[in-house]
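Colleague: here is a sequence together with a model predicted from it:
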Amino acid sequence: MRLLEKRGPAAIKLDSLTRHLGVTTGSFYWHFKSHTRFLDELTDMYIQEFTYAVSDHLATLDLPPRDLMAEAMRQIITKGLGGMDVHFRSLAITYPRLRRKIRAMDEHRTSVITEMFKGMGYKGEELRMRAHAFVVLHSMESAVNAGLSNQDRIDLLDERMRLLAD
């Protein structure tokens, strides 16, 4: 997955991938039935590690909704979870099969964040738009703030919370 992060979607084309890994095409197909299957598994792993791991972690915490949201932001930043979104979204443009997975991931993220905003008293269109803004912002946060350190990005959390939830 880090190869995708460093070099972008072109790095996981079959010839680039096998060359970088130092394996033959036959060896690749020994492990994966097809390049499409490889992309499916890579995307599933990404969604599990970068989305469900965070929502599962948040579900274990007994915090007020605003604090849960701040923790979600901290997790995204400190674990570098936003950096891969742009690459998987790019892959989803090329591979329609992945679009469904990415759409389902976004729906999950939105439902988790929506519950937090509901807990803060938001409803209707305002609820929908705040949850949408959170998901879009944080799926691109590391790309937009690439020049900032993690600490600088964390220092912006209070400001971001004021903008999103006040």
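Modeller: Yep, it's here.
Colleague: ends of stretch 10-23, how far apart?
Modeller: One end of stretch 10-23 sits 17 Å from the other (Cα to Cα, to the nearest Å).
Colleague: any chance you could list what contacts it?
Modeller: For stretch 10-23, contacts defined as Cβ atoms under 8 Å, 6 or more residues apart in numbering pick out 3-4, 7, 24-25, 27-28, 35, 38-39, 42, 91. Any C-beta I mention is one placed from the backbone N, CA and C, and that applies to glycine too.
Colleague: residues of that stretch that come out buried?
Modeller: Judged by neighbour count (16 or more other Cβ atoms under 10 Å), stretch 10-23 contains these buried residues: 11-12, 17-18.
Colleague: so for that stretch, mean pLDDT?
Modeller: Regarding stretch 10-23, the rounded mean pLDDT is 84.
Colleague: same thing with stretch 78-88?
Modeller: Mean predicted lDDT for stretch 78-88 stands at 81.
Colleague: gap between the two ends of it?
Modeller: From the first residue to the last, stretch 78-88 extends over 20 Å; the measure is Cα to Cα.
Colleague: list the buried residues of that stretch.
Modeller: Judged by neighbour count (16+ other Cβ under 10 Å), stretch 78-88 contains these buried residues: 81-88.
Colleague: about what we covered before: farthest pair in the contacts of stretch 10-23?
Modeller: 24 and 91 (23.5 Å; Cβ to Cβ).
Colleague: follow-up on the earlier one: from the buried residues of stretch 78-88, which ones fall inside helices?
Modeller: Cross-referencing these with the helices (criterion: DSSP state H) gives 85-88 as the overlap.
Colleague: where does pLDDT dip in the chain?
Modeller: Residues of the chain that meet the criterion pLDDT under 70 lie in 1-2.
Colleague: go through the contacts of stretch 10-23 and flag which are in helices.
Modeller: Residues from these lying in helices, with DSSP H as the criterion: 3-4, 7, 25, 27-28, 35, 38-39, 42, 91.
Colleague: from the contacts of stretch 10-23, list just the buried residues.
Modeller: Using 16+ other Cβ under 10 Å, the buried ones in the contacts of stretch 10-23 are 4, 28, 35, 38-39, 42, 91.
Colleague: picking that back up, and the ones in helices among the buried residues of stretch 78-88, which is closest to residue 156?
Modeller: Using Cβ to Cβ, residue 85 is the member of those that lies nearest residue 156, at 18.2 Å.
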